[in-house]
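Visitor: model the structure of this input:
(chains A and B)
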Number of protein chains: 2
Amino acid sequence: MNAPALPWALHLHSLHAAAWQHLARGVHDRHAPARHPTLATVTPDGRPALRTVVLRSADKASGMLEIHTDLNSAKVAQLRANPAAALHIWDARTHLQMRLRASATLHHGPEVAQTWARVPEAARQSYGIQPAPGQPIPEGLAYHKHPDPAAFAVLRLWLTEMDILHLGPEHRRARFTQATNWAGEWLAP
Amino acid sequence: MNAPALPWALHLHSLHAAAWQHLARGVHDRHAPARHPTLATVTPDGRPALRTVVLRSADKASGMLEIHTDLNSAKVAQLRANPAAALHIWDARTHLQMRLRASATLHHGPEVAQTWARVPEAARQSYGIQPAPGQPIPEGLAYHKHPDPAAFAVLRLWLTEMDILHLGPEHRRARFTQATNWAGEWLAP
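Guide: Numbering: from 1, shown residues only, chains lettered A, B, ... in the order given. Sure thing, here's the model as predicted:
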C-alpha cells in the first residue's frame, strides 16, 4: 500500500489542507473517493452501524459537512439518540485515509425547503420510500417511491477531529482537532 | 450509481452466496474491494470509530472473518470494552454494498504463534510500533518499528448479521441473520 512520498504529506498544515481539498473534490466530482464516505453511527443498544453516504457540501471555515437522507432512515433515529458520528474516506490513488469525528445536527421541513428545491427530480426518488428504509418486505421490489419533501432531511456533521494517515514510503499520521482551532499533532501510525 | 440487473441479485440465496464470494476474493486478491473493509468500533465514551483493515480470512461455515492488528491499537482497547463491531465494503464494479455486524474475540500470544510464523517479514513491521499507534509524537517520523510477536493480535469477527444492498436498475436490499441460520429477508432499500 506504499506510494511515493508526496510533498503535502510532509507538513501538518499542508496535510490538513490536502484533506480539505479531497473533501471539496468529493462534493463536485462524483468519481472522487470523498464523494462516498462511510458514515458510522451508534445504535441505541451500543453497536456501531455503517453505510455509504453521498457528500453534498464541505465547508472548511465552519468545519461542516452535509449529507442528505430519508427522515425515516435508521441513521436519523440513531443520531437523534446519540449525535456522535464518524466518517471514513480512503483514497487509493494518493494512499490517504481520512477518519473524521463529528457531531450531527438534523434539519428538515421548512428549514430545508430551499435545499429540496435544488434536488434533481431523479434524486428525489430516494426520499419517501414506503415502507421506510430497512423495513422487511415480502419480495425484493415490494416497495414504492413517493418523492416527499416531508421525508427529506439534511444532516450537518460538525467535525471535532480529523485523523489523517498517509501511507507513503514512511507512514505519517496526524490529528487535527476543533478544540485547538485545527492545530495538528503527529501521531505514531 | 445504477448498474445492469445481475442475476445473483434476484434471489436471497444467490445474493448471500455473492456476498461470501466477494469476501473470499478479498482474502486472496489484494485489489478486490473486500480486501480493505472499513471496521467500526465504539469508544468507551459512546462514539463510533472507523479505520481501514486488511481482510485475512473469511469462513462461510462459521460466519467468521479475521483481521490482524497491533495489540496496543485503540481498536483492541475499544473491542475489549465493547466487542460489538461492524464492517463495511462497497464494490463499485458490481454496485454492491455489504454491511456486516459482528462480535469480536481477541487472540494473541501462544494462541496465534502459528499465524505469526506465516506473516511475511515486511508485514511484521506493522506490529510493535513504538510509541503505540495513535500516541502523539514530536515529528512525523519520530517512531520506530520493532516487529514483535507479543504485539501481534488476531481479531476474529463472528458475524451476526449481513445487510446486503445491490444498487441496480431497481435497488434490492436483504438482511441475513445468524439467529435464523442465515435465512434472508428482503428489506425496503
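Visitor: by mean pLDDT, which helix or strand of chain A comes out lowest?
Guide: helix A:121-124 (a mean of 93; mean pLDDT, DSSP states H and E).
Visitor: is it true that A:Ser57 touches A:Ala34?
Guide: No. Applying CB atoms under 8 Å, one finds A:Ser57 not in contact with A:Ala34, separated by 11.8 Å. Bear in mind the C-beta positions are built from the backbone N, C-alpha and C, glycine included.
Visitor: more neighbours: which of those two?
Guide: A:Ala34 (25 against 17; other CB atoms under 10 Å in any protein chain shown).
Visitor: so how far is the least confident helix or strand of chain A from its chain's centroid?
Guide: Chain-centre distance of helix A:121-124: 20 Å, with CA atoms, centre = their mean, to the nearest Å.
Visitor: ok, now stretch A:71-90?
Guide: For stretch A:71-90, the distance to the chain centre is 10 Å (CA atoms, centre = their mean).
Visitor: also stretch A:155-172?
Guide: 13 Å.
Visitor: mean confidence score for it?
Guide: Mean pLDDT, computed over stretch A:155-172, is 95.
Visitor: returning to what we had before: can you list residues touching both of A:Ser57 and A:Ala34?
Guide: A:Val27 (CB atoms under 8 Å, 6 or more residues apart in numbering or on different chains).
Visitor: and the nearest residue to A:Leu12 once chain neighbours are set aside, bridged to which residues?
Guide: Using CB to CB, 6 or more residues apart in numbering or on different chains and skipping the chain neighbours, the partner closest in space to A:Leu12 is A:Gly184 (3.8 Å). Beta-bridge partners of A:Gly184, counted by DSSP bridges, are A:Phe176.
Visitor: contacting residues for A:Gly184?
Guide: So A:Gly184 contacts A:Leu12, A:His13, A:Leu15, A:His16, A:Ala174, A:Arg175, A:Phe176 (CB under 8 Å, 6+ apart).
Visitor: filter these to the buried ones?
Guide: Neighbour-count burial (16 or more other CB atoms under 10 Å in any protein chain shown) applied to those gives A:Leu12, A:Leu15, A:His16, A:Ala174, A:Arg175, A:Phe176.
Visitor: just send the residues you listed back as JSON lines, with distance to B:Pro83 too.
Guide: What follows is the buried ones among the contacts of A:Gly184, written out as JSON lines (distance: CB to CB, whole Å):
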{"residue": "A:Leu12", "distance to B:Pro83": "35"}
{"residue": "A:Leu15", "distance to B:Pro83": "33"}
{"residue": "A:His16", "distance to B:Pro83": "34"}
{"residue": "A:Ala174", "distance to B:Pro83": "29"}
{"residue": "A:Arg175", "distance to B:Pro83": "26"}
{"residue": "A:Phe176", "distance to B:Pro83": "30"}
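Visitor: which parts of chain A are strands?
Guide: A:38-42, A:48-52, A:57-59, A:64-70, A:84-91, A:96-108, A:136-137, A:152-167, A:171-177, A:184-187 (DSSP state E).
Visitor: ok, residues contacting the longest helix that chain A contains?
Guide: Scanning chain A for the longest helix, with DSSP state H as the assignment, gives helix A:12-28. Contacting residues not belonging to helix A:12-28 are listed as A:7-9, A:32-37, A:55-58, A:60, A:65, A:89, A:91, A:94, A:96, A:98, A:162, A:164, A:166, A:172, A:174, A:176, A:182-186 [CB under 8 Å, 6+ apart].
Visitor: could you do stretch A:113-120 as well?
Guide: A:His68, A:Arg124, A:Tyr127, A:Pro149, A:Phe152, A:Val154.
Visitor: angles on the backbone of the nearest residue to the second one once chain neighbours are set aside, please.
Guide: Spelled out, it's A:Arg124. Spatially, and ignoring its direct neighbours in sequence, A:Arg124 is nearest to A:Pro147 (3.8 Å; CB to CB, 6+ apart). Backbone torsions of A:Pro147, given as degrees, to the nearest 10, read phi -50, psi 120.
Visitor: any buried residues in the longest helix of chain A, and which?
Guide: Across helix A:12-28, burial judged by 16+ other CB under 10 Å covers A:Leu12, A:Leu15, A:His16, A:Ala18, A:Ala19, A:Trp20, A:His22, A:Leu23, A:Ala24, A:Arg25, A:Gly26, A:Val27.
Visitor: again, but for stretch A:121-136
Guide: Those buried within stretch A:121-136 under the rule 16+ other CB under 10 Å are A:Arg124, A:Ser126, A:Tyr127, A:Gly128, A:Ile129, A:Ala132, A:Pro133, A:Gly134.
Visitor: and for stretch A:137-150?
Guide: Under 16+ other CB under 10 Å, the buried positions of stretch A:137-150 are A:Ile137, A:Gly140, A:Tyr143, A:Pro147, A:Asp148, A:Pro149.
Visitor: repeat that for stretch A:70-79.
Guide: For stretch A:70-79, by 16+ other CB under 10 Å, it's A:Asp70, A:Leu71, A:Asn72, A:Ser73, A:Ala74, A:Lys75, A:Val76, A:Gln78, A:Leu79.
Visitor: just to revisit the earlier point, buried members of the contacts of helix A:12-28 into ChimeraX, please.
Guide: Restricted to buried positions by 16+ other CB under 10 Å, the ChimeraX selection for the contacts of helix A:12-28 reads:
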select /A:8,9,32,33,34,35,36,37,55,56,57,58,65,89,91,96,98,162,164,166,172,174,176,182,184,186
